[in-house]
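*Asks:* Predicted model follows, preceded by the sequence.
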Amino acid sequence: MAASVADASLDVVQLDVPAHPAYVAVVRTAAAGLAARADLTLDRIEDLRIAVDEACALLLHRRTVQDAVDDAIIRCLFTVEDDALTVDISGPQVDLPEPSAFAWAVLDALVDALRTGEDPDAEVGPSTWLRLSVRGGTGSWT
């Protein structure tokens, strides 16, 4: 795990784990610890843990047996601010569900902001990414 400070008000932590369901717990635990550092409430921390779990599941869900034996990774970039946490999660390139799908609705309800996209030229090969942002309190991003 590598950490760097972008400026005085931000902490940025990168975590790479194998793209395998057994390692999702590591990502959830890191998200919860960093959310606590951002002074999020216990409810917001639990929402984020569930959202991170769901995002990782979406990236791993459509992988084939052949894909599972390669050296693919899940890369998480956590950006900690005084009262917010943004988690960028990228993994093997997959087709995400439509925004009208139930899994997407659950994920969207758990965070204040949700974005997604693909990066065909990522360092580790073509990837799909999700950005989850949560803030302290009950406010939302505008």
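*Replies:* Right, received. Where do you want to start? Not measured: the values here are computed from a predicted model.

*Asks:* hey, let's count contacts and neighbours off CA atoms from now on
*Replies:* Will do.

*Asks:* Return the distance of the strand or helix carrying C56 from the chain's centre.
*Replies:* C56 belongs to helix 42-61 when assigned by DSSP states H and E. Using C-alpha atoms, centre = their mean, to the nearest Å, we find the averaged C-alpha position of helix 42-61 to lie 7 Å away from the chain's own average C-alpha position.

*Asks:* Which residue ranges of the protein form strands?
*Replies:* Counting by DSSP state E, one finds strands in the chain at the ranges 2-7, 10-18, 73-80, 84-92, 113-119, 127-135.

*Asks:* Out of the ones you listed, which one sits most buried?
*Replies:* Neighbour counts averaged per stretch over those are highest for strand 84-92, at a mean of 25; criterion: mean count of other C-alpha atoms under 10 Å.

*Asks:* Report the inter-axis angle for that strand versus strand 127-135.
*Replies:* Counting by axes from the mean of the first three to the mean of the last three C-alpha atoms, to 10 degrees, strand 84-92 lies at 170 degrees to strand 127-135.

*Asks:* what inclination does strand 84-92 have with respect to strand 10-18?
*Replies:* Using the same axes, to 10 degrees, one finds that strand 84-92 and strand 10-18 are set 30 degrees apart in direction.

*Asks:* Kindly format the C-alpha coordinates of strand 84-92 as PDB.
*Replies:* Output for strand 84-92, consisting of C-alpha atoms alone and laid out as PDB, is shown next (Å, rounded to 0.1, in the frame of the first residue of the first chain):
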ATOM      1  CA  ALA A  84     -15.400  13.700   3.000                       C
ATOM      2  CA  LEU A  85     -13.900  10.700   1.400                       C
ATOM      3  CA  THR A  86     -13.700   9.800  -2.300                       C
ATOM      4  CA  VAL A  87     -13.000   6.300  -3.300                       C
ATOM      5  CA  ASP A  88     -11.900   5.600  -6.900                       C
ATOM      6  CA  ILE A  89     -12.200   1.800  -7.600                       C
ATOM      7  CA  SER A  90     -10.900   0.400 -10.800                       C
ATOM      8  CA  GLY A  91     -10.700  -3.200 -12.000                       C
ATOM      9  CA  PRO A  92     -10.800  -5.400 -15.000                       C
END
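
*Asks:* With that, I have no additional questions.
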